[in-house]
Structures are given as C-alpha cells and as structure tokens.
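Engineer: Next input, structure requested:
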Amino acid sequence: MAVVAVVFVHAYNLSNRLLSENAEATPHTPHGVVGFVQYLGSQTLTRWPAALLFAISGFLFFHNLEPRVGQFVSKIRRRARTLALPYLLWSSWSLAVYVVSHALPSAQAYVSADALNRLTIGSVLERLFVSPVAYPLWFLQALFTCALLSPAIWALVRFLGPLALAPFTVAWLLHVDLGAAGYLPCKALLFFTLGALVATRMRAGQRVPFSGPNGSATSAALGRWLLPLFVAACILYTALLRNEQSWAAATAHQLLMCLAVAAVWFGYDAYLIPLVRWRWLTASATLSFFVFAAQEPLLMIFKRLILHTGGGGRASDAVILATYFAAPLLTIAVSLAAGWMLRRHARPLYGLLTGGR
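Structural biologist: Below is the predicted model of the structure:
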C-alpha cells in the first residue's frame with residue numbers, strides 16, 4: 001500500500017517539466033477539479049509513506065540492537081547491502097535510460113535536444129551518487145545516511161529520551177535539510193529517531209503508548225475515528241489551503257503528514273488487516289521494493305507519452321486527469337511484471353537489485 005501511495009505522489013502532472021523540455025508548455029495551475037483531485041491525491045492523502053517508513057526503519061534498526069561497536073558495524077554493513085548497493089544499481093540504470101532516451105532520434109520530441117552535450121564527468125558522477133535521475137531513490141540515500149548516524153542517534157535517545165526529537169522537529173518545521181544537495185532531510189532524521197526512541201524504550205521495559213497486551217484493541221479503537229478524521233482533514237486542506245504559499249500553510253501541511261502517519265498506523269488494525277486476506281495483494285507486496293525502485297523513469301515516460309498523445313501543452317483537463325490515473329497504474333503493472341519475471345528467471349540479479357528482499 002505504501003508503494004502504491006508513493007507512485008501516486010509522483011504521478012502529479014501539473015508541471016511544465018512533464019512536457020517537452022525543448023518547447024514552451026503551458027502550465028496548469030492547481031485550480032478547478034483537476035487541480036483539486038491531483039492535489040488531494042498526491043499532496044495530502046498519499047504523503048505519509050516516507051515518514052512512516054523512516055519510523056519503521058528506525059524501530060527495526062534499534063529494536064534488537066546491543067549498543068556495541070561491533071553491533072553498529074554489523075547493522076551498517078547489512079544496510080550497505082540492502083540500501084547502498086540497490087541505490088547504486090538503480091541509479092546507474094536510470095542514468096543509462098536517460099542517456100539512451102536522449103540519444104534516440106525518435107525521442108527528441110519528448111526530451112531536451114542538447115541534454116547530452118551538457119553532460120560532463122562531474123555531472124555524471126553527481127547524477128550517479130548525489131542527484132539520481134530516478135529521484136525517488138533519495139529515500140534510500142537518506143535511510144542509509146540515518147544508518148551511518150545511528151551511533152549518534154542512539155546516544156541522543158539514550159541520554160535525552162523524548163527530547164532527542166526536539167532539534168529535528170524544529171529543523172523540519174523550518175524546512176532545514178542537511179548536506180549540500182539536501183539529500184538528508186530532517187524529516188528522515190526526525191522519524192527515524194522516533195522509531196529508535198520507541199524501540200529503545202520497549203527494550204528497556206519503559207512504557208510506550210498503545211503497546212502491551214491491550215495495545216492492538218486500543219490501536220484499532222483509535223484508528224476507527226483517526227483515519228476518517230485524516231481523510232476529512234485532507235479534503236479541507238485541499239479545498240482551502242492548496243494555493244497558499246505561507247509558512248503557516250506549509251506547517252499545517254507538515255502537521256497533516258503527522259496525522260497521516262498516526263492515521264495509517266492505528267487505522268491498520270481497524271481497516272486494513274482484512275486486506276491481508278487478499279492473496280493477490282499479499283503476493284504483489286513481496287515485489288514492493290522492486291516497484292518502488294523501478295517506478296522512475298518509467299512513470300515519467302508514461303506521463304510524457306500520454307500527455308503528448310493527448311495534445312501536449314494544449315491537453316484538455318480530461319486528458320490531464322486521465323494521465324494522472326493511467327500513468328501510475330501502468331507503471332505499477334509493468335514494474336510488477338518485470339519484477340516477477342526477474343525473480344523467476346534471474347533470481348541472483350533480482351536479489352542484487354532488491355538487497356536480498
């Protein structure tokens with residue numbers, strides 16, 4: 001479910017960059033029905049996966065960790081295999097697709113004509129290691145960086161407790177990113193540290209809300225009203241604030257993300273557990289990492305093809321909205337098929353691409 005949400009986040013197509021890079025294209029503002037539907041779908045309802053997955057990853061990293069140097073080194077080595085190596089492979093693949101697509105004469109209507117001329121050794125290295133063509137890979141960058149910083153995060157949690165969240169919360173609200181390329185957002189540090197805090201408190205036998213013998217029932221009871229509240233808040237925010245550029249509106253959007261994490265976490269027990277009974281869904285879930293990693297540049301290709309076929313910069317609202325739903329569904333279907341075939345016929349390669357998942 002999280003991966004489907006991620007793909008729909010990136011399905012947003014109200015942007016000039018989705019059209020031909022070598023021609024002026026008319027931007028479509030987020031007004032009207034199309035703007036409302038896309039903003040609601042991509043900027044509110046589906047904005048929770050990164051934060052939730054950072055928190056879960058932080059919990060999994062620390063829940064069985066003995067705070068010794070050897071333990072940290074062992075876990076970081078495993079994360080190098082499951083995060084850093086897949087990142088490098090998929091970044092290389094997306095860069096290769098970028099080069100080939102810009103070299104094909106038949107693709108010149110969809111891409112910048114002089115893009116290859118601007119490539120230098122430095123820009124290639126930057127695309128490969130810092131700013132990948134497949135931009136969703138930032139999540140793997142940030143997660144591996146959190147793993148590298150895990151000894152410092154453990155120390156903060158150990159000696160400050162819940163106060164360890166304070167500096168990252170303030171930085172996140174102020175939209176501060178670390179690193180020259182902004183590849184370590186404070187959102188990653190905040191929610192990874194939150195997961196670490198929960199894990200270390202549980203290991204120490206300290207109280208963690210909504211855990212223990214009655215935790216599942218309490219969580220389900222909370223989720224029954226929290227998830228509908230989140231959906232209502234998304235609709236209200238989209239209707240009233242989607243065109244606002246103020247700090248207050250941005251902060252409200254961040255608080256909405258926090259509500260989303262809580263709503264999905266607690267709403268799982270109330271609404272989502274029945275989905276586990278769907279065999280096709282659980283079978284597809286085993287390919288979720290592959291779908292996540294393969295979504296770009298495939299999704300961008302589908303968006304540009306459909307939009308250009310439907311009129312390019314003069315595409316109607318109906319075409320734009322149809323693209324918004326068709327492109328991610330096609331991306332998910334093709335990625336699932338490719339992942340299934342690789343896992344069946346080239347399992348060693350599939351294992352490298354997915355970090356052994």
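Engineer: Pull the residues that contact the helix or strand hosting P167.
Structural biologist: Taking DSSP states H and E as the definition, P167 sits inside helix 165-173. Applying C-beta atoms under 8 Å, 6 or more residues apart in numbering, the contact partners of helix 165-173 are 160, 185-187, 189-190, 193-194, 197, 251, 254. The way it works is simple: take the backbone N, C-alpha and C, and place the C-beta from them, glycine included.
Engineer: List the contacts of R357.
Structural biologist: R357 touches 82, 286, 289-290, counting by C-beta under 8 Å, 6+ apart.
Engineer: one more time with 7 Å, if that's ok
Structural biologist: The contact partners of R357, taken as C-beta atoms under 7 Å, 6 or more residues apart in numbering, are F289.
Engineer: Could I get the contacting residues of the residue nearest to L40 when sequence neighbours are not counted?
Structural biologist: Sequence neighbours aside, T238 is the residue nearest to L40 in space, at 4.4 Å (criterion: C-beta to C-beta, 6 or more residues apart in numbering). By C-beta under 7 Å, 6+ apart, the residues touching T238 are 36, 39-40, 44.
Engineer: And whichever strand or helix holds T238, how far out from the chain middle?
Structural biologist: In this assignment (DSSP H and E), T238 forms part of helix 215-241. In terms of C-alpha atoms, centre = their mean, to the nearest Å, the centre of helix 215-241 is found 21 Å from the chain centre.
Engineer: could you give the mean pLDDT of it?
Structural biologist: For helix 215-241, mean pLDDT is 88.
Engineer: and this structure, what are its domains?
Structural biologist: Following automatic domain parsing, the chain resolves into domains at 1-47+278-357, 48-208.
Engineer: Now render those as CSV, adding mean pLDDT and distance to L229.
Structural biologist: Output for the domains of the chain, formatted as CSV (pLDDT from 0 to 100; distance: least, C-beta to C-beta, whole Å):
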stretch, mean pLDDT, distance to L229
domain 1-47+278-357, 87, 13
domain 48-208, 89, 14
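Engineer: mind checking which of those domains is nearest W247?
Structural biologist: W247 lies closest to domain 48-208 among the domains of the chain, at 8.6 Å (C-beta to C-beta).
Engineer: Figure out how far that closest one is from the centre of its chain.
Structural biologist: Distance, stretch centre to chain centre, for domain 48-208: 10 Å (C-alpha atoms, centre = their mean).
Engineer: what does stretch 325-333 give?
Structural biologist: The chain centre lies 16 Å from the centre of stretch 325-333; the measure is C-alpha atoms, centre = their mean.
Engineer: how about the CA coordinates for that stretch, as CSV?
Structural biologist: Output of stretch 325-333 as CSV, limited to C-alpha atoms (Å, rounded to 0.1, in the frame of the first residue of the first chain):
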residue,chain,number,x,y,z
PHE,A,325,-4.6,7.8,-13.0
ALA,A,326,-3.3,5.8,-16.1
ALA,A,327,0.4,6.5,-15.8
PRO,A,328,0.9,5.3,-12.2
LEU,A,329,-1.3,2.2,-12.8
LEU,A,330,0.7,1.3,-16.0
THR,A,331,3.9,1.9,-14.1
ILE,A,332,2.8,-0.4,-11.2
ALA,A,333,1.6,-3.1,-13.6
